[in-house]
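*Asks:* Quick check, what structure comes out for this input:
(one chain, ligands or ions: 1)
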Amino acid sequence: MAHYKTAYIGLGSNLNNPREQINSALQALRNLPKTNDLCCSEWYGSKAIGPGDQPDYVNAAVAVNTQLDPFELLYQLQTIENAQGRQRSIRWGARTLDLDLLLYDDQQINSTELQLPHPETINRNFVLYPLNDLNADLVFPNGQTLRTLIKQCSITGLYQIDNTNNSLIE
Ligand code: ROI
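*Replies:* Below is the predicted model:
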């Protein structure tokens, strides 16, 4: 029996109906091979970090149990981003879908394709608060606790939003 590892993935979108982007990304993540038990955080609206006058983002995070290794999982995430029309043009520009591999078990990786934990995680309220919804006792591979990081992080620009799929009502 191959072992399952827990991975945390951050989701973000601020273009082309962000809520629908997040919904379809969740569906694609539920269908990943060798991957089970997806849990999703609350959904948040957040002011864009980045250049220009970008729309607010919708942000969330998921936890999954997976038999994919970190590089296989990263490849799957990039495939989903591309399928949802992600264009890589301006650094930190607006995007239809961003899927970031935030944490994978207790692994620390520092290669050009993949850094684990994701280096921006500890500075970003739109990542830390969703992680807190999933696991308030989370401890990073270097021993830092999520609790401490959240205490040090401002909540400015972050607000919880409704995650019910309004497009199904009407
Ligand atoms: N800003 C917010 N608020 N949320 C994001 O997910 C996000 N993602 C990014 C950049 C462009 C840095 N800014 C963001 O990649």
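*Asks:* what about stretch 3-22, start to end distance?
*Replies:* Using CA to CA, to the nearest Å, the end-to-end distance of stretch 3-22 comes to 28 Å.
*Asks:* which residue ranges form the helices in this protein?
*Replies:* Ranges of helices in the chain, per DSSP state H, are 18-30, 70-83, 125-134, 146-152.
*Asks:* Residue 8: neighbour count?
*Replies:* Residues near residue 8, counting by other CB atoms under 10 Å, number 25. (C-beta placed from N, C-alpha, C; glycine too.)
*Asks:* scratch that, residue 20
*Replies:* Neighbour count for residue 20, taken as other CB under 10 Å: 15.
*Asks:* repeat for residue 125
*Replies:* Residue 125 is flanked by 20 other residues according to other CB under 10 Å.
*Asks:* For it, which non-adjacent residue is spatially closest?
*Replies:* Excluding the flanking residues, the one nearest residue 125 by CB to CB, 6 or more residues apart in numbering is residue 158, at 4.7 Å.
*Asks:* my guess is that neighbour contacts residue 48, does it?
*Replies:* No. With contacts counted by CB atoms under 8 Å, residue 158 stays clear of residue 48, the gap being 11.8 Å.
*Asks:* Around the ligand, which positions in the chain sit nearby?
*Replies:* Residues of the chain lying close to the ligand (CB under 6 Å from any ligand atom) are 12, 46-50, 57, 59, 92, 98, 126.
*Asks:* Of these, which one scores lowest on pLDDT?
*Replies:* Least confident of the residues of the chain next to the ligand in the model: residue 92, at 68.
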